[in-house]
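> 3D, please:
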Amino acid sequence: ALALLAWIQVLPEFAVEAVIAWHRNVPLMTANFTGALRLLTGLGWPTIWVVSALARRARGEPGFWRPIALDHEHAVEVVGLTPALLYFVWIVWKGSLGLWDSAVLLAMYASYLVVLQRIPPKEREEVEDAGTVPRAILALPSPWRPMSVVALFLMGAAMLYFTAHPFLQSMIGLATVAGVSQFVFVQWVAPFLSEFPEFVTTSYWARSRGKGGMALMNMASSNINQWTVLAAMIPIVYSWSLGTPTSVPLGPHRTELLLTLLQGALGVVLLANFNFQAYEALGLLLFWGVQFAVPDSRGVMCWAYGGWLSFELVSGLWRPGRLRAFAVFPSLWRGRGRD
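All right, here's what the predicted structure looks like:
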């Protein structure tokens, strides 16, 4: 359910990316795609830790600086990011994103959902645990209940269809008026607005007692579907617009993709010990802030992320639990459930 929710929450991001891909604007396409991913990991993950810590302080609980703890079944989200990141090493190297790449990435996402389905539910939720709107729908008689759900989905789809293009044009217009590069504006402003539903939901969970891990995994699941389904959509829409199967040329944007890739790999390693520490959250936030304030720092930040990633990997020699999620994942794959 969290995986599907994460996909629904970022549908505005999908809609904006689809509009850009339809117009075959590769620079803006790359800007929106990489900006969205960096926003989730660089701002979204730290926001969850900060909201969780502030909520604990407001409730008078001790341990402001304590980490967000993850459950063993969350190894699926952590490890689930790895195949797409490894495959993107190949995409960055060859400098193109084609329809065969789409097929591979979609297969990765399908495999991720299959593994999630094999994990037994952690706890049973009752109707009273749902929000106001879901409770009202669940209270409807059988014929009207599914019709209401379908109607809400259709309503949301219609809103996305009719607003995505005007939204993008407004972003470009604002960039022109403000004298800011369209690439920079689309990379940082458009994803923040299109990802806003995700931030609202995860912040709500982060301030709830014991749900910081759920909030973090909800956002990590969004990372997975954007590395896979969103990336797979780009060459499909691009080729459809041209009327012929075509690969999207990404060669001129290798640095952008490499920077995003290194940040994603670092995120996987940081979560692989089932703890999201304060220094990790604040470090990711600082690195994201540097990119936001100094867009031309891409090369330097690649080295910064690479250095931090290397340290975390090497430190596994004296921190045996650093990559524990990869040891837990096989039992989840075999459907044994949680330890």
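
> for the closest residue to Asn275 other than its chain neighbours, what are its contacts?
With CB to CB, 6 or more residues apart in numbering as the criterion, Asn275 has its nearest non-adjacent residue at 4.2 Å, and that residue is Pro67. Every C-beta, even on glycine, is put in place using the N, C-alpha and C of the backbone. With contact taken as CB atoms under 8 Å, 6 or more residues apart in numbering, Pro67 is in contact with 49, 275-278.

> if we go to 10 Å?
49, 52-53, 212, 273-281 (CB atoms under 10 Å, 6 or more residues apart in numbering).

> and those residues, which two are the farthest apart?
The most widely separated members of these, counting by CB to CB, are Ala53 and Asn273 (18.8 Å).

> just to revisit the earlier point, take the contacts of Pro67 and keep only those in helices.
49, 52-53, 212, 278-281 (DSSP state H).

> Report the rounded mean pLDDT for stretch 307-321.
Stretch 307-321 carries an average pLDDT of 89.

> I'd like the next helix or strand past the one helix or strand Asn223 maps to.
If you go by DSSP states H and E, Asn223 is part of helix 212-225. With elements assigned by DSSP H and E, the helix or strand that comes after helix 212-225 is helix 231-242.

> Which elements pack onto that following helix?
Judged by 3 or more CB pairs under 10 Å, 6 or more residues apart in numbering; DSSP states H and E, helix 231-242 is in contact with helix 11-22, helix 26-39, helix 75-94, strand 96-97, helix 99-117, strand 248-249.

> CA atoms of stretch 288-304 as CSV?
Written as CSV, here are the backbone C-alpha positions of stretch 288-304 (Å, rounded to 0.1, in the frame of the first residue of the first chain):
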residue,chain,number,x,y,z
TRP,A,288,21.5,19.6,-1.0
GLY,A,289,21.6,23.2,0.2
VAL,A,290,25.0,23.8,-1.4
GLN,A,291,23.6,22.6,-4.8
PHE,A,292,20.6,24.8,-4.4
ALA,A,293,22.6,27.9,-3.5
VAL,A,294,25.4,27.3,-6.0
PRO,A,295,24.0,25.4,-9.1
ASP,A,296,27.5,25.5,-10.7
SER,A,297,28.9,23.3,-7.9
ARG,A,298,28.0,20.0,-9.6
GLY,A,299,31.5,18.8,-10.2
VAL,A,300,32.6,19.6,-6.6
MET,A,301,29.5,18.0,-5.2
CYS,A,302,30.2,14.8,-7.2
TRP,A,303,33.5,14.6,-5.4
ALA,A,304,31.8,15.4,-2.0
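
> remind me which residues of this structure are low pLDDT?
Low-confidence segments of the chain (pLDDT under 70): 1-3, 5-7, 120-131, 157, 160-161, 163-165, 167-168, 171, 175, 335-339.

> Name all residues that make contact with the most centrally placed residue in it.
Of all residues in the chain, the one closest to the mean position by CA atoms, centre = their mean is Asn223, 2.2 Å from it. The contact partners of Asn223, taken as CB under 10 Å, 6+ apart, are 6, 10, 36-37, 40-41, 44-45, 77, 80-81, 84-85, 264, 267-268.

> Show me the two of these that sit farthest apart.
Val10 and Val268 (18.9 Å).

> Neighbour count: the two, which is higher?
Remark: of Val10 and Val268, Val10 carries more neighbours, 26 against 23, as counted by other CB atoms under 10 Å.

> The residue nearest to that one when sequence neighbours are not counted: neighbour count?
Excluding the flanking residues, the one nearest Val10 by CB to CB, 6+ apart is Ser222, at 5.2 Å. Look at Ser222: counted by other CB under 10 Å, it has 29 neighbours.

> circling back: can you tell me how far the residue nearest to Asn275 sits from Leu99?
42 Å (CB to CB, to the nearest Å).

> returning to that earlier point: what subset of the contacts of Asn223 is buried?
Among these, those buried by neighbour count (16 or more other CB atoms under 10 Å) are 6, 10, 36-37, 40-41, 44-45, 77, 80-81, 84-85, 264, 267-268.

> Relative to Phe199, which of these is nearest.
Looking across the buried ones among the contacts of Asn223 and measuring by CB to CB, the closest to Phe199 is Gly44, at 6.5 Å.

> which residues touch the residue lying closest to Gly316 once chain neighbours are set aside?
Counting by CB to CB, 6+ apart, Arg322 is the residue found nearest to Gly316 once chain neighbours are left out, at 3.9 Å. Shown in contact with Arg322 (CB under 10 Å, 6+ apart): 269-270, 272-273, 312-316.

> Now, these that are in helices?
Counting by DSSP H, the contacts of Arg322 contribute 269-270, 312-314 to helices.

> Now render those residues as a markdown table, adding neighbour count and distance to Ala190.
Below are the ones in helices among the contacts of Arg322 laid out as a markdown table (neighbours: other CB atoms under 10 Å; distance: CB to CB, whole Å):
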| residue | neighbour count | distance to Ala190 |
| --- | --- | --- |
| Val269 | 22 | 28 |
| Leu270 | 23 | 26 |
| Glu312 | 20 | 31 |
| Leu313 | 14 | 33 |
| Val314 | 11 | 37 |
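
> Lovely, talk soon.
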